[in-house]
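Undergrad: need a 3D model of the following:
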Amino acid sequence: MISRTGLALLVFIGLAGTFPSAVNWGAHFWGFLALPLPILLAILMASALLPRVQDHVLAFLQRCVDLFTSPSRLRVALLWAVLCAAAGVLFWTFRQRTFFLGDGYLVLRTLPVAAASGDIPASFPTAPLTGSLATALYTVFRANGAAEPALASWQTLSILSGMVAIPVVWNLARLLAADMRERLAVSLLILGSGATMLFFGYVETYPPAYVMLLAFLGAALRARNQHGSLLAVAVLFVVLILFHLGMLLCAPIVLLLVTDAVRGKRWKDLTLSILVAAGVAAVVLVLLAYSPARLLATFMRDGGSFLHLQRTDTWNESYALFSLWHWADLLNLHLLVSPFALVLAGGLFAGALVPARYRQPGTFFWIVVAGPPLLWLFFNNFELGMSRDWDLAAPFAAVVGLGGLAGWLAMMGPSETRTRGVVVMALITIVHTAGWVGVNASAGGSVLRFDTLLDFRSIAPRAMAIAFEEVGDYRRERRDANGAVEAFARMVVLDSTSARRWTVLANAEAMAGNAPAARLAYERAIALGNTDPETHTNLAIVLFAGGDVDAALTRIREAVALDTLDATAAYTYGQMLVEGKADMRAALPWFERALRLDPTDHHAQSYMDRCRAALGATSRHH
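TA: This is a model prediction of the structure:
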């Protein structure tokens, strides 16, 4: 079954890469890589299906096992350190280059605000602990003169999370497989999943939460299988939620373990776990200045937005719950994160239907693990579009895949066939994810792919407008004025009643030298209620450059009236009076005001001296 599924995946990935679109976004990465790479990836995937290749891989895994089972603890510790450091180098080398996916650019802009205000919950309400760690790193990088401290902070946090994930995953794999070779293959399969892209310098709040989720699942599985203490589970659950409030989806796992403790009358363990977890939560919330009232307000505001049976909100929803496009998005998500997930998870849930005496041990536990995330992925409305918000969904999709894997391992039982099946899945998944990493590590490829994702059939108009604005900002920062104008124009077509967005377009038009278009956009922004003096000043400058001096003076007077402390507007008014009307006497007070507001304005000083000289000469002449 595994080999046939792998072959089908190879064919589908090849077709998706040949015809990349928003329909096949979970598998179309070949379409954004340089031609030799897709061929190489195809060969590697196909090779994983060959028994001879599997033999070599199994032999390699055995050598690795021998290396890490040395009687010397110091040697093993050094090997782990080298392995984690090598992973860190890998994550950094192939780190993400653009940040369109998720809220990447938003969190880059938000981090300096959080550091300046010190109010972490205000800036990162759903990920307070992650925001706190990122802010601490930001302070360090800024103090040491980093060129881009916000970017360095998020990417460092992402990479460190990946390094920590390696021993966490190994400990989890120990609970799933007894055979050392198979345990290593399971570890590679989990670490090779698409969710691992979160560790390649990914700019978002999710990487630490994903690592903590894996640690929590390991503790929960150990407590379930070995009737261990709930203390570690309870504490990890609290910390997990504070890394991201969405991890409350794991509550059914905790409830199941609490039920086990109650049935076993382990009252002391249960009481101690609850008290310690509550104490940890209280201490962390106090340190973060996150009051219970604010926490509750965050849950009420950001608790989730769900799809309807019929599409009722055409601005925020792109499709209804049972839309074909919704099903396509779900399929693509699981292909991206864990290509074998749906096949394995299908077996897990099908196994729950057989009589209890034939059911594999642990089936119910893994259904409790995978079921809530699967339901949430189905019902949740991803407001940016699932293809763009994949990072929010990835940890939960990975859990679904992990549950399916655990069910399949239990169903197959220890055997050479099972071990080979894990090897095949691991090899294909790793190659699959490597292709995605290659796309994200290329600015050109990732921009091209992001443009491919923008399809109204799977992304709501509001999300499209946000996406076009991000693309426009990206182009503008790289001095691609025409590219920025194109993106911003598509943005205002979707949201033509936003004064702010018309202003953004006007600024880009002015930057591109399109004065008539800039004038129209500025006037539209003002008509929609823009009262920012800078907008009025910019419009005045455009009008003046076009020779309409009187209209320019009208707009600049509006600017100085809106903000009497705006030095730029005062200087611009004076300059227009000099250059457009040659009225030195009327201009002089405005340069004097500009200098009072900004004594370092050398241009205002020069104009003021020029006006005084001209007025002095006129006085002497008379």
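Undergrad: next, count neighbours for residue 383.
TA: When neighbours are counted by other Cβ atoms under 10 Å, residue 383 registers 18. C-beta here means a position set from N, CA and C on the backbone, and glycine is covered the same way.
Undergrad: so it, which of the three states?
TA: Counting by DSSP: H, G, I helix; E, B strand; the rest coil, the backbone at residue 383 sits in coil.
Undergrad: for it, phi and psi?
TA: Main-chain torsions, residue 383, degrees, to the nearest 10: phi -70, psi -30.
Undergrad: wait, doesn't it sit right on residue 315?
TA: No: the criterion here is Cβ atoms under 8 Å, and residue 383 misses it with residue 315 at 10.4 Å.
Undergrad: what do these two both touch?
TA: Contact criterion Cβ atoms under 8 Å, 6 or more residues apart in numbering; residues shared by residue 383 and residue 315: 460, 462.
Undergrad: remind me which residues of the stretch 201-350 of the chain are low pLDDT?
TA: Scanning the stretch 201-350 of the chain for pLDDT under 70 picks out 227, 303-304.
Undergrad: looks like residue 220 contacts residue 258 (just checking).
TA: No: counting by Cβ under 8 Å, residue 220 stays clear of residue 258, with 11.2 Å between them.
Undergrad: am I right that residue 34 sits in a helix?
TA: No: the assignment for residue 34 by three-state DSSP gives coil, which leaves it out of any helix.
Undergrad: residues contacting the one helix or strand in the chain whose mean pLDDT sits lowest, please?
TA: Of all helical and strand segments in the chain, the minimum by mean pLDDT, DSSP states H and E falls on helix 341-351, at a mean of 78. Here helix 341-351 makes contact (Cβ under 8 Å, 6+ apart) with 1, 5, 331, 334, 359-360, 363, 366-367, 370-371, 374, 397, 400-401, 403-408, 411.
Undergrad: before we move on, back to that, okay, residue 220 and residue 258: which has more neighbours?
TA: Taking neighbours as other Cβ under 10 Å, residue 220 and residue 258 compare with residue 220 leading, 25 against 17.
Undergrad: contacts only, for that one.
TA: When contacts are counted by Cβ under 8 Å, 6+ apart, residue 220 touches 233, 253, 254, 257, 369.
Undergrad: list the contacts for the fourth one?
TA: Contacts for residue 257 (Cβ under 8 Å, 6+ apart) come out as 220, 223, 224, 230, 233.
Undergrad: those into CSV, with extra columns for distance to residue 565?
TA: Shown next, in CSV, are the contacts of residue 257 (distance: Cβ to Cβ, whole Å):
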residue, distance to residue 565
220, 59
223, 62
224, 65
230, 60
233, 57
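Undergrad: tell me which two of the residues you listed sit farthest apart.
TA: 224 and 230 (10.3 Å; Cβ to Cβ).
Undergrad: between these two, which has more neighbouring residues?
TA: Using other Cβ under 10 Å, the more surrounded residue of residue 224 and residue 230 is residue 230, with 25 against 21.
Undergrad: dihedrals phi and psi, that one?
TA: The phi and psi torsions at residue 230 (degrees, to the nearest 10) take the values phi -80, psi -10.
Undergrad: distance of it relative to residue 268?
TA: 11 Å (Cβ to Cβ, to the nearest Å).
Undergrad: same check, this time on residue 93
TA: Distance from residue 93 to residue 268, by Cβ to Cβ: 50 Å.
Undergrad: go on, residue 203?
TA: From residue 203 over to residue 268 (counting by Cβ to Cβ), the distance is 45 Å.
Undergrad: between those two, who's got more neighbours?
TA: Neighbours per residue, other Cβ under 10 Å: of residue 203 and residue 268, the larger number sits with residue 203, 27 against 9.
Undergrad: in the stretch 1-150 of the chain, which spans are helices?
TA: 2-18, 36-47, 51-68, 73-93, 104-117, 120-123, 128-143, 149-174 (DSSP state H, counting those that start in this stretch).
Undergrad: of those helices, which is nearest residue 534?
TA: Closest among the helices of the stretch 1-150 of the chain, using Cβ to Cβ: helix 104-117, at 18.5 Å.
Undergrad: got the angle for that closest one vs helix 149-174?
TA: 110 degrees (axes from the mean of the first three to the mean of the last three Cα atoms, to 10 degrees).
Undergrad: counting contacts, what elements does helix 104-117 pack onto?
TA: helix 120-123, helix 128-143, helix 149-174, helix 461-477 (3 or more Cβ pairs under 8 Å, 6 or more residues apart in numbering; DSSP states H and E).
Undergrad: quick one: the shortest one to chain centroid distance?
TA: Counting by Cα atoms, centre = their mean, to the nearest Å, helix 120-123 is centred 17 Å from the centre of its parent chain.
Undergrad: dump it to CSV, restricted to CA.
TA: What follows is helix 120-123, C-alpha atoms only, in CSV (Å, rounded to 0.1, in the frame of the first residue of the first chain):
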residue,chain,number,x,y,z
ILE,A,120,3.4,41.8,25.0
PRO,A,121,-0.2,40.8,25.2
ALA,A,122,-1.3,43.9,23.2
SER,A,123,1.0,43.0,20.3
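Undergrad: average pLDDT across that helix?
TA: In this model, helix 120-123 has a mean pLDDT of 93.
Undergrad: who touches that helix?
TA: 110-111, 113-114, 117, 128, 131-132, 135, 288-290, 294-295, 298.
Undergrad: which of these has the most neighbours?
TA: Ranked by the number of neighbours (other Cβ under 10 Å), the contacts of helix 120-123 place residue 128 first, at 28 neighbours.
Undergrad: where does the prediction get shaky in the stretch 451-600 of the chain?
TA: In the stretch 451-600 of the chain, no residues with pLDDT under 70.
Undergrad: on that earlier part again, and the helices of the stretch 1-150 of the chain as JSON lines, adding distance to residue 187?
TA: Below are the helices of the stretch 1-150 of the chain laid out as JSON lines (distance: least, Cβ to Cβ, whole Å):
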{"stretch": "helix 2-18", "distance to residue 187": "18"}
{"stretch": "helix 36-47", "distance to residue 187": "19"}
{"stretch": "helix 51-68", "distance to residue 187": "10"}
{"stretch": "helix 73-93", "distance to residue 187": "11"}
{"stretch": "helix 104-117", "distance to residue 187": "28"}
{"stretch": "helix 120-123", "distance to residue 187": "34"}
{"stretch": "helix 128-143", "distance to residue 187": "25"}
{"stretch": "helix 149-174", "distance to residue 187": "4"}
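Undergrad: closest to residue 209 out of those helices?
TA: That would be helix 128-143 among the helices of the stretch 1-150 of the chain, by Cβ to Cβ, at 6.5 Å.
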